[in-house]
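In: Sequence first, predicted model second:
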Amino acid sequence: MAKKNCKLWLACVVVILLLIVQGYFVAKLLSSKIPNRESLTFVQKSDISKKDYEKMVGGLPQKKAALQHHHLKRHHLNFLAENLDNKGPEPLVETDDTLTPRPLTANEQAGNNILFTLRTTRKFHEKRLPVLFDTWLTTVNTSNVFLVTDGGEDKKWKGRAGLKYIDVPCRASYQRYDLCCKAGTELSLMFRDENLHYDWLCHVDDDIYVLLKSLVEQLSKFRPREEPIYFGRSGSAWTKPRAVIHGAKYGKPGQKYHFAVGGMYCLSRAMLELAEPYLVGGKEFAKSCSNTLEPEDVTVGVVVGVLLNQSLSRTAMIYTHGLELWKETKRFPKELDKKIAYAYGWGAVHWGAPAQINHIVVPQALYSIKEDQTQFYSLHCFLHPTLSTCIKKGTG
């Protein structure tokens, strides 16, 4: 009996060893076909030619690209869930909105110390840019605005209204490596010789309306050349900070930090100088994205909170896509002009009871949703009622 049991035990050991060997060779085969995260190289225009960049990223296996896209999609779904779980507005006593502004120079009051990077992509030029040029971009000095885009030169928009046109060698996609490529180029603009006079860099997506006066007032509470400031709306409820994910090389798994929603955030020059080794330049930013295993907006939060041990200076005055915009803006109809920025929600539907199209609600809107899905024209006329186009629309 004992001899029989011994043979059975030896047979089990042999089977287990065979399974281990088989698993090893299968894993090796898969790893040879799907490159690891570190094998991805991110670049900016100054690092490599556009032709070489396209050759490099164009050859990535489809399965790898799908994995990257899935990771980014998961991030946005988590972000949406975290925000909708945060019932009501963030209490102002817990934000930096209540800090006292300091006296400003005339240059600061005009927002001329702020470098705006307006990120878009070639396929959205005709759909999104006209709305911005007709609305909030008319309220700022467009020589301070850098249009960061892809797809080659677009003569219609290059130099439009005096803004700077930055064509980056990044593919027109929302995959992580392409967004990191753009982000690294954006932040490097602050270190160009001709831009050293700027105190702030404010990143803005192409579906955001910015209220310059409110932004200037909030940023005036800080000393951007002395204080490392990372300013924006928290991407999750303040009581539920994000955690460093397993496998990341920056920080320890589970380490907590806050990141600003990617639609709009601002970095002071002092913060950018601290973060330069990690975020400034295509290769540097991309390496950080690879080390955090996160999209570009979350990566900024990891670098600031985990590596630099700094905190997010948060505001409840930026309203982005993850919020129920129709509900949020209905609560303060007479205070729309007191906020910093609004997203237009892409006309997405919130499936509730009843279903609701997610867009900002403007009192006595001059444009219907059918006429203006963004409601930016209605918002612009609400903020600037004496404009001739608004008067004509109101009396027409």
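Out: Okay, I see it. Numbering: from 1, shown residues only.
In: Residue 262 - nearest residue in space that isn't next to it in sequence?
Out: Residue nearest to residue 262 in three dimensions, not counting chain neighbours: residue 297, with 3.1 Å by CB to CB, 6 or more residues apart in numbering. No exception for glycine: its C-beta is placed from N, CA and C like everyone else's.
In: ok, the residue nearest to residue 110 when sequence neighbours are not counted - how many residues close by?
Out: Excluding the flanking residues, the one nearest residue 110 by CB to CB, 6+ apart is residue 141, at 6.6 Å. Other residues near residue 141 come to 16 when the count uses other CB atoms under 10 Å.
In: Can you pull the phi/psi pair for residue 141?
Out: Main-chain torsions, residue 141, degrees, to the nearest 10: phi -80, psi 110.
In: Pretty sure the residue nearest to residue 262 sits in a helix.
Out: Yes. Judged by DSSP: H, G, I helix; E, B strand; the rest coil, residue 297 forms part of a helix.
In: Show the pLDDT at it.
Out: What the model reports as pLDDT for residue 297 is 93.
In: the strands in the protein, which residues?
Out: Per DSSP state E, the chain carries strands over the ranges 114-119, 145-149, 164-167, 200-205, 208-210, 230-234, 242-243, 256-257, 260-268, 312-314, 318-319, 341-343, 349-350, 356-357.
In: closest one to residue 371 among those strands?
Out: Residue 371 sits nearest to strand 356-357 of all these, at 14.0 Å, using CB to CB.
In: ok, back up a step: measure the residue nearest to residue 262 to residue 11 for me?
Out: Using CB to CB, to the nearest Å, residue 297 is found at 55 Å from residue 11.
In: The two: who's more crowded?
Out: residue 297 (22 against 10).
In: Contacts only, for the more buried one.
Out: 235, 259, 260, 261, 262, 265 (CB atoms under 8 Å, 6 or more residues apart in numbering).
In: first vs last residue of stretch 106-114, how far apart are they?
Out: 13 Å (CA to CA, to the nearest Å).
In: Can you point out the buried residues in it?
Out: 108, 111, 112, 113, 114 (16 or more other CB atoms under 10 Å).
In: same question, stretch 191-200
Out: 198, 199, 200.
In: for stretch 253-265, same thing?
Out: Those would be 255, 257, 258, 259, 260, 261, 262, 263, 264, 265, for stretch 253-265 by 16+ other CB under 10 Å.
In: Same question for stretch 215-234.
Out: For stretch 215-234, by 16+ other CB under 10 Å, it's 215-222, 224, 228-234.
In: Just the closest of those residues to residue 191, please.
Out: Among the buried residues of stretch 215-234, and counting by CB to CB, the member closest to residue 191 is residue 224, at 14.7 Å.
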